[in-house]
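Participant: Here is the input, now give the coordinates:
(4 chains)
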Protein chains: 4
Amino acid sequence: MDIKGSLECNQLIKRYIATRAATTEICAPLEIEDLCIQPCADVSPPKWHLGHTTWFFEELILRQFVAGYQRFDEHFSLIFNSYYKSAGLHWTQKDRGNLSRPTVAQIAQYRQQIDELIVSLLNAGISEEIATIIEIGIHHEQQHQELLYMDIKYILHCNPSSPRYSKTPLMSAQAVTGSWHTYTQQLVEIGHCGEGYAFDNESPPHKTYLTDFSISDTLITNGEYLAFIESAGYQTPKYWLSMGWDWLNENGITSPLYWRNLDGKWFEYTLHGLTPLDLSAPVVHVSYFEANAFANWRQCRLPTEQELEHYLRSSDNQALISAQGLPPASYHQPQLHPINAGDTSGQVWCWSQSHYSAYPGYKPFEGKLEEYNGKFMCNQFVLRGGCIATPPHHYRHSYRNFYQPHQQWMFSGIRLAKDIV
Amino acid sequence: MDIKGSLECNQLIKRYIATRAATTEICAPLEIEDLCIQPCADVSPPKWHLGHTTWFFEELILRQFVAGYQRFDEHFSLIFNSYYKSAGLHWTQKDRGNLSRPTVAQIAQYRQQIDELIVSLLNAGISEEIATIIEIGIHHEQQHQELLYMDIKYILHCNPSSPRYSKTPLMSAQAVTGSWHTYTQQLVEIGHCGEGYAFDNESPPHKTYLTDFSISDTLITNGEYLAFIESAGYQTPKYWLSMGWDWLNENGITSPLYWRNLDGKWFEYTLHGLTPLDLSAPVVHVSYFEANAFANWRQCRLPTEQELEHYLRSSDNQALISAQGLPPASYHQPQLHPINAGDTSGQVWCWSQSHYSAYPGYKPFEGKLEEYNGKFMCNQFVLRGGCIATPPHHYRHSYRNFYQPHQQWMFSGIRLAKDIV
Amino acid sequence: MDIKGSLECNQLIKRYIATRAATTEICAPLEIEDLCIQPCADVSPPKWHLGHTTWFFEELILRQFVAGYQRFDEHFSLIFNSYYKSAGLHWTQKDRGNLSRPTVAQIAQYRQQIDELIVSLLNAGISEEIATIIEIGIHHEQQHQELLYMDIKYILHCNPSSPRYSKTPLMSAQAVTGSWHTYTQQLVEIGHCGEGYAFDNESPPHKTYLTDFSISDTLITNGEYLAFIESAGYQTPKYWLSMGWDWLNENGITSPLYWRNLDGKWFEYTLHGLTPLDLSAPVVHVSYFEANAFANWRQCRLPTEQELEHYLRSSDNQALISAQGLPPASYHQPQLHPINAGDTSGQVWCWSQSHYSAYPGYKPFEGKLEEYNGKFMCNQFVLRGGCIATPPHHYRHSYRNFYQPHQQWMFSGIRLAKDIV
Amino acid sequence: MDIKGSLECNQLIKRYIATRAATTEICAPLEIEDLCIQPCADVSPPKWHLGHTTWFFEELILRQFVAGYQRFDEHFSLIFNSYYKSAGLHWTQKDRGNLSRPTVAQIAQYRQQIDELIVSLLNAGISEEIATIIEIGIHHEQQHQELLYMDIKYILHCNPSSPRYSKTPLMSAQAVTGSWHTYTQQLVEIGHCGEGYAFDNESPPHKTYLTDFSISDTLITNGEYLAFIESAGYQTPKYWLSMGWDWLNENGITSPLYWRNLDGKWFEYTLHGLTPLDLSAPVVHVSYFEANAFANWRQCRLPTEQELEHYLRSSDNQALISAQGLPPASYHQPQLHPINAGDTSGQVWCWSQSHYSAYPGYKPFEGKLEEYNGKFMCNQFVLRGGCIATPPHHYRHSYRNFYQPHQQWMFSGIRLAKDIV
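Facilitator: Model (predicted):
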């Protein structure tokens, strides 16, 4: 990697440029106003993501490896550091929407300048160490691309006019009728063991003992979820975790995040605007509390993350998964982004019943990136399987997504499992 | 007034147009980003003021007096109604910053269209009733012009880069040395009794008995206030109201809103940016709690609103007041706006010790405007005297401004009074 | 007063002993459990009142005037100081219920020992200074006697079993039909000017100009208030102050504090237990927000505190007042406490529309008692006229009671006034 | 079990009586005042535990199996139901301290009457079903005995006088020097598989694959924990979970719950009163956040619950464990309660790094007890090993205790583990 113009180096430059461009493209259909506000603590202003992903490269590459580097702006480290205590003070997350400056135009300039410097650096030939951080930075930026879709959807839905982001619908009905796949007890290998990129939390690969279980090959649909609502699911405490029941009542929750009942008819806010609820599309934007309650109502349970990983890996499921729009085995090959391309896969992240914890023998990234994953291993649940907003090249079966049990704004859905009696 | 082209009618049109233009001008130096955000519940996004002041004319004139009028946008009544329950549902104040739409450009279009319709209507000749509401609407918009300055200052100061709004400084040192004016006990007339416009809360004019008192002819300066801070004023409970002491400690307040101590040196954020504290300029952005504590520390007290009104009215004070930049007797004559013109008067609203209450015989405006003033007569204190951000033509000596005792973001200062022993 | 055995001294001793005994008597019908808890921040555990009123004499008399005095217990100053910053640290009010110690028995011992020391001191002959503080201490303790009734009622009502405090009912129907008393505009004298005791906030006596007004000679009854509820008063924003409307909705308020609707029938929790609502008894335990909304609904207003004082003073009202159970002219003569004696006067404090503020020329008590009243002159409203729980000897027409506008747990009711058009 | 006078039946009666008596004994050294208050939401008034454990038998035995049974008091089901939605409405946990009634004496009467009825029922011969519920009720009551010690300690420590509960100290120094026990990777059996009683969450027994690990045979001492504090552990973000760091700063946490620094010297509040910190005793009352941060500082980790269970089970550790005062293999034999007997074992529950989740194949108890455990499987961490306040007969190695990561008031300590590289 230390030889200028190597194939690996050229590919890295290409991927860097493509990833950076994709982020900007996601924001292209929006107004400046949409990019600035923070309607709730979890949702960052899109312009902040544009700045933060740039700061990542400035802080971890330019500031570390370019002698005498002067920051683009002295205030940006404070503003665009997300949570890295080792990188100095950072602005409180919930107050990101209180900053009118830098403007969107200034952030665009920031992106351009940092990109020029990074590409120059890469073109000059780079060390293994820098290549590793660039690689992480690309995957980091892809995570923020998915966050951008989540945050944009939330921001737009706050407007009484229900504006559209996308010209075409994104989700589609499921093609297949569900059946149950059964696995007998066995010792399996879990975690990242291949050659490609993975985050620290996917390692080390290790053995886990699975007991007998069945798992459904289809996602729960809006129609199935509506049946739960209509059978008083949200009024029946026995289906709910104790914290879930309190959350429900304190926040007046009666449905998934973007559902609206207008004069007795159900609608859903989507990136394509407000549409009548599609009963055959997968349910999305449910919290862990809701997914768990639904599973209890159906006298099933949510799968563990190990069961999900094992199921997703099993080669005999690939054809089926592909039919549903789940990521094919060749997922690492370039493909058009579902949202841009009108892909109607209907794919959502599946809640597992597993709290997010360290794998045995877990070692965090080193240096400033030590804070990347490990410090969030508390009171979160793992989701598996990717979704329509997950960028191509980003997903793999060992991927561990994680959110708090009350959160709804990610593209989260339900796949059921059950014990074999 | 029902004859097209009358002098009154023409003047009303002229004043309507000028007022509406002035509002837009206030926002001209800002970026779109500055117009959209709401960094705290009290501070509205500037674009909301632009929409709300327009909605006022649409709702109270066009919707009432133009047969078959169709709203510019069906969602705007929900969004731009501030608090008029009689005008239907309104968006919660603290959530105004959650709306990315309508955009600034759409609101500009809204302003233009409503202005064209109103001017057409006025040109066609108008009734006394409509003229009265237009008049109120003009004064209402002027109130929002001052709010705009307050909110813009707050929004800009949140940015670590301390951006400037104004090209020149606005406040200036006081020209005169303070002395005390003494009044002996007497029955005086308080409230609005002249010909010009006044809000309902300034009426009816009525008799009040004033006991002997003295009042200072100068405002408290930053230097005097700093002496209070440096003598441990913020750490000494006996100067403070009980609620004030709690407020101080719960919010970690140690100085007026925009003061900052950087490495032991005091600075103040102003509309002209961050500047070293000018010790001879009037202190501004103090809460009632702070004004009251300062007065106690000086073994004085704040004046009542009646004492302030009587003092401001007394003709022998006019020369003096004028020298300080206080509104001259001819205040109703057109004059350039201090902020535009670089006027360096240093004028601030003076806290009175009077809670905001109804005058004896008070009658609210009728109809939808009944909610304008009366329903806020609880837990607020009156301020008197106008400030640099008060639009020309808007102020009069009977004017009653009012805020909650913890609020600091208005241009509030201190004038002391004392009893005569 | 410096001569042992003087008549004044003997009377002071007698009144001291009687007042101290009355406090203990109020708690006699209760269980230890009732004396210990604090169901909301405003309500103190009754045992705390027993300790605090004792601490007052220990801190302000024994510690100041007895050389070498050692405190009964080193921790009591921290625990039983209410809010006197000058007397050192004090326990946070809302956490008084977190203290299981000292026990009720220990506090009884504390009371006894301090009483013995105080009586010894008084018997030995005392200075004017000490006599003044003892006098204040007696009035202070009487204020806590009324607070005890308020707090006991609140504590007992929290229990699902609705236990009784009193063996007999306390409120009774009003004897007289209401009529309006009219006063023409005049300059009147307000405040304490007689010989008896008064708090600092009742002074100095001063002139106030009253405009024409009428005031009702009866209190609003439960029946009248029920009519307000039944005409959707709590669902109609136009009657309510803006803060009141928010309070209503955030707290789900739909009636006075102790009313309960059981299967469509109205009941009221009283110190005599849960009883069917007596429609002819005065309404009690309404907040300022409710009193003000009721007055608006009736197209009247609440009187100012000056109007109430003037009305109560007017000699021609005495017969009438007496018939209603209002304090007679001879109120300062000893009489049995209504609650002990089964007095059925039905008397409640009347909300005025006046915020609690300093009188012109107001001077707080000196020394440690400087904090007694002045620091609460913010965001409270004045109530006038006394109530069934006000101890005999304690009330006078210049008496200013004050509470925050949302508070309901004091014996507060409504007397209407109106302007003369 | 359906034959009167069987050995099993007689033993059950004996254990029922002994358990019920032990609960009352725990409260014997307290004042009524100590039994009534709730200084924070987690801590219930001790009298509530006395009532709730009695309600358990009334609701689940007498109401289900005694024809025509009339409740002792109609209000008790509302008041003493903890969280069983299927048993009707229940009083909010945080408001338990708002109830002054029933009194302690009334609850004692309630206990006595229910006990008489239950013993009569048992003496008459009982079904398997009833015996099972009685058995659960006994274990349930033992859980509340430990909660009583936790709550009593918290209640007493709130008092500035730091009252003592116990006449003798309870914790003692550790006898052994720590060494590491190493286990190689293997498939092990986890969960309850023996004959004795177990809660539903300990089943079913199942295989788990453990990777290589070492675990310490001693608990972390106060001295070791103090070294963490003194090396700025609480000021160094990299040791802390993200939520832990926020918790620390929002609550001003700087040490374990009962530590106090007086004039630079460390003390600890214990059930024996305030004592100088014993550096060789095990650290106790640390949150998961603190335990995890400490482990990071020591470059170790907390063990998983499976590792802890495996370690505790390993017979070769028994001698060692016994020396430390950990529960011996013969733990199910009667023994004196440490607190009563002055046992100085120094034993604390050890935090595991495992979130509390269902075992594969988990089935909740049936009927009303379905709500016992499963609905809390969210955002809690498992603790293993028992503590000085755990009643004899109650503990077993498969026992899963669980608390939220910020909670400190249980007897929680630290045992370190590490990976083998």
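
Participant: Helix, strand, or coil at the residue nearest in space to the middle of chain A?
Facilitator: Against the mean C-alpha coordinate of chain A, by CA atoms, centre = their mean, the closest residue is A:Glu146 at 5.2 Å. Under the three-state scheme (DSSP: H, G, I helix; E, B strand; the rest coil), A:Glu146 adopts helix.

Participant: can you check the one 3 residues further on too?
Facilitator: With three-state DSSP as the basis, A:Tyr149 sits in helix.

Participant: With adjacent residues omitted, what lies nearest to it?
Facilitator: Nearest residue to A:Tyr149, sequence neighbours excluded (CB to CB, 6 or more residues apart in numbering or on different chains): A:Ala389, at 3.9 Å. Placement of C-beta: from N, CA and C, glycine included.

Participant: Confirm for me that that neighbour is in contact with A:Met150.
Facilitator: Yes: counting by CB atoms under 8 Å, A:Ala389 does reach A:Met150; the two are 6.9 Å apart.

Participant: For those two, work out which one has more neighbours and name it.
Facilitator: A:Ala389 (24 against 20; other CB atoms under 10 Å in any protein chain shown).

Participant: ok but that one is inside a strand, no?
Facilitator: No: A:Ala389: not assigned to a strand; according to three-state DSSP it is coil.

Participant: And the strands in the stretch 101-250 of chain A, which stretches?
Facilitator: A:180-183, A:186-190, A:206-210, A:213-216 (DSSP state E, counting those that start in this stretch).

Participant: of all these, which lies closest to C:Gly51?
Facilitator: strand A:206-210 (61.5 Å; CB to CB).

Participant: counting contacts, what elements does that closest one pack onto?
Facilitator: Packing partners of strand A:206-210 (3 or more CB pairs under 8 Å, 6 or more residues apart in numbering or on different chains; DSSP states H and E): strand A:186-190, helix A:305-313, strand D:206-210.

Participant: What average pLDDT does that strand get?
Facilitator: Strand A:206-210 shows a mean pLDDT of 97.

Participant: Would you list the strands that that strand pairs with, along with their directions?
Facilitator: Its sheet considered, strand A:206-210 pairs with strand A:186-190 (antiparallel) by DSSP bridges.

Participant: Which residue ranges make up the domains of chain A?
Facilitator: Domain segmentation of chain A under automatic domain parsing yields A:7-157, A:180-419.

Participant: what's the least confident stretch among those domains?
Facilitator: Lowest mean pLDDT within the domains of chain A: domain A:180-419, at a mean of 88.

Participant: end to end, how far does that one reach?
Facilitator: Using CA to CA, to the nearest Å, the end-to-end distance of domain A:180-419 comes to 11 Å.

Participant: chain center to it: distance?
Facilitator: Here domain A:180-419 is found 10 Å from its chain centre; the criterion is CA atoms, centre = their mean, to the nearest Å.

Participant: thought A:Leu78 was touching A:His90?
Facilitator: Yes: counting by CB under 8 Å, A:Leu78 does reach A:His90; the two are 6.6 Å apart.

Participant: I'd like to know which residues of chain A are adjacent to chain B.
Facilitator: Chain A has residues A:31-34, A:36-37, A:39-40, A:47, A:73, A:75, A:78-79, A:95, A:97-104, A:155-156, A:158-161, A:163 near chain B, with proximity defined as CB under 8 Å from any CB of the partner chain.

Participant: Make a ChimeraX selection of the buried ones in the residues you listed.
Facilitator: Listed next is the ChimeraX selection for buried residues among those, using 16 or more other CB atoms under 10 Å in any protein chain shown:
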select /A:31,32,33,34,36,37,39,47,73,75,79,97,98,99,100,101,102,103,104,155,156,158,159,160,161,163
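
Participant: quick one: which of the residues of chain A next to chain B sit in helices?
Facilitator: Members of the residues of chain A next to chain B lying in helices (criterion: DSSP state H): A:47, A:78-79, A:104, A:155-156.

Participant: ok, so of the residues you listed, who is nearest chain D?
Facilitator: A:Leu78 (16.0 Å; CB to the nearest CB).

Participant: Now for that closest one: which residues touch it?
Facilitator: For A:Leu78, the contacting residues are A:88-91, B:160, by CB atoms under 8 Å, 6 or more residues apart in numbering or on different chains.

Participant: wait, isn't the residue nearest to the centre of chain A in contact with A:Thr390?
Facilitator: Yes: contact criterion CB under 8 Å: A:Glu146 and A:Thr390 qualify, at 5.5 Å.

Participant: export the domains of chain A to a markdown table and tack on distance to B:Asn296?
Facilitator: Below are the domains of chain A laid out as a markdown table (distance: least, CB to CB, whole Å):
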| stretch | distance to B:Asn296 |
| --- | --- |
| domain A:7-157 | 34 |
| domain A:180-419 | 42 |
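
Participant: out of the helices and strands packed on strand A:206-210, deepest packed?
Facilitator: Greatest average neighbour count among those goes to helix A:305-313 (a mean of 23), per mean count of other CB atoms under 10 Å in any protein chain shown.
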